[in-house]
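> Sequence first, then the predicted structure, then my questions.
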Amino acid sequence: LARGSAERDLAGRHVVISAGGTREPLDPVRYLGNRSSGKQGYALARTAVARGARVTLIEANTGLPDPAGADVVRVGTAVQLREAVLKAAGDADAVVMAAAVADFRPESYAAGKIKKKDGEEPAPLTLVRNPDILAEISADRARPGQLVVGFAAETDDVLANGRLKLRRKGCDLLVVNEVGERKTFGSEENEAVVLGADGSETPVPYGPKEALADTVWDLVGERFGQTGA
Ligand code: CTP
Ligand code: CA
């Protein structure tokens, strides 16, 4: 399996991982959310701990138990996730954005529960853009040589979409999943291609999320060597 998993090849490194999915509140009882389980991010955290890294796991709404040996920060919304990632990234060697970040949030939050009224149509829901955390940390690295990794679930022309997204975000590596039955959401297994800004393409066969996580750390570890960071 992945060559690095038995070594402590990430010893002395600080890695920051975001996991789960943000929730954007509408009122005290409702939110806009997504189906991310957080399992891939937690697998990244467990494997990084096993390989000797200091791990900060920023989790949004997973309900999963804390992985042993990781510092866990809990957030709810995309804006909170951005704050936590920027803070933790300050001294990080690598940042991996495995969280599903809501692209939009409701423009306003109702402090009281939104009630329906007899014979009235619902008010339209106005959304505003959330910050793009991955693009921001990629464009403005907290330290020289810091590695930034994104995740993308795509349909249709998965690789072409992935290449475009890698360039648009400005990250070093983009893990591209094809969304489909059995795959990605809530499942224990995953299949992906990891695209590198250097043109590399690393297919990861269908298998446990730990195996994909170890491949990500292999690729990150190689790149630490190259930048001399
Ligand atoms: N991401 C982020 N901040 C956002 C949206 C996404 O940091 N506001 C990160 C995700 O954590 C992921 C990567 O960007 O690592 C790709 O997410 P994706 O939703 O595929 O990218 P988008 O640019 O939002 O593209 P799309 O319009 O296809 O959703
Ligand atoms: Ca998105």
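Looks like it arrived, so ask away. Ligands and ions are numbered 1, 2, ... in the order given.

> Residue 220 against residue 146, yeah?
No. Taking Cβ atoms under 8 Å as the contact criterion, residue 220 and residue 146 are not neighbours in contact, 10.7 Å apart. All C-beta atoms are positioned from the backbone trio N, CA, C, and that covers glycine.

> okay, and the common contacts of the two?
Jointly contacting residue 220 and residue 146 under the rule Cβ atoms under 8 Å, 6 or more residues apart in numbering are residue 94.

> Please work out the average pLDDT along stretch 29-45.
Along stretch 29-45, the predicted local confidence has a mean pLDDT of 97.

> Next up, the contacts around residue 194.
173-176, 200-202, 204, 215-216, 219.

> I'd like to know which of those residues are part of helices.
Among these, the subset assigned to helices under DSSP state H consists of 215-216, 219.

> Out of the residues you listed, which end up buried?
For those, a burial check counting by 16 or more other Cβ atoms under 10 Å picks out 215-216, 219.

> just curious, which of those is nearest to residue 91?
Checking those against residue 91 with Cβ to Cβ, the nearest one is residue 216 at 20.3 Å.

> what's the distance between that closest one and residue 155?
Here the distance between residue 216 and residue 155 works out to 22 Å (Cβ to Cβ, to the nearest Å).

> for the spatially most central residue of the chain, phi and psi?
The central residue of the chain, meaning the one whose C-alpha is nearest the mean C-alpha position (Cα atoms, centre = their mean), is residue 98 at 1.6 Å. Note on residue 98: its backbone torsions stand at phi -90, psi -10 [degrees, to the nearest 10].

> residues in the chain within reach of ligand 1, list them.
With Cβ under 6 Å from any ligand atom as the criterion, the chain meets ligand 1 at residues 78, 97, 99, 101, 103, 130, 132-134, 150-152.

> and residue 205, what is it in contact with?
Residue 205 sits next to residue 191 when contact means Cβ under 8 Å, 6+ apart.

> Just the ones in strands from the residues of the chain next to ligand 1, please.
97, 150-152 (DSSP state E).

> What are the contacting residues of stretch 196-204?
When contacts are defined by Cβ under 8 Å, 6+ apart, stretch 196-204 is touched by residues 159, 166-167, 171-173, 190-195, 211-212, 215, 219.

> Hmm, which of the residues you listed is lowest in pLDDT?
Lowest-confidence member of these: residue 190, scoring 81 (pLDDT).

> That residue and ligand 1: what is the separation?
If you measure residue 190 against ligand 1 using Cβ to the nearest ligand atom, to the nearest Å, the figure is 14 Å.

> is it true that that residue touches residue 207?
Yes. The pair residue 190 and residue 207 qualifies as a contact (Cβ under 8 Å) at a distance of 7.4 Å.

> Neighbour count for the two, which is higher?
Neighbours per residue, other Cβ atoms under 10 Å: of residue 190 and residue 207, the larger number sits with residue 190, 23 against 15.

> ok but the more buried one is inside a helix, no?
No. Residue assignment for residue 190, taken from DSSP: H, G, I helix; E, B strand; the rest coil, gives strand, which places it outside any helix.

> For it, give its distance to residue 126.
Distance from residue 190 to residue 126, counting by Cβ to Cβ: 35 Å.

> in the sheet, who's paired with residue 20?
Legend: beta-bridge partners of residue 20 under DSSP bridges are residue 60.

> Quick one, grab the pLDDT at it.
Residue 20 carries a pLDDT score of 98 in this model.
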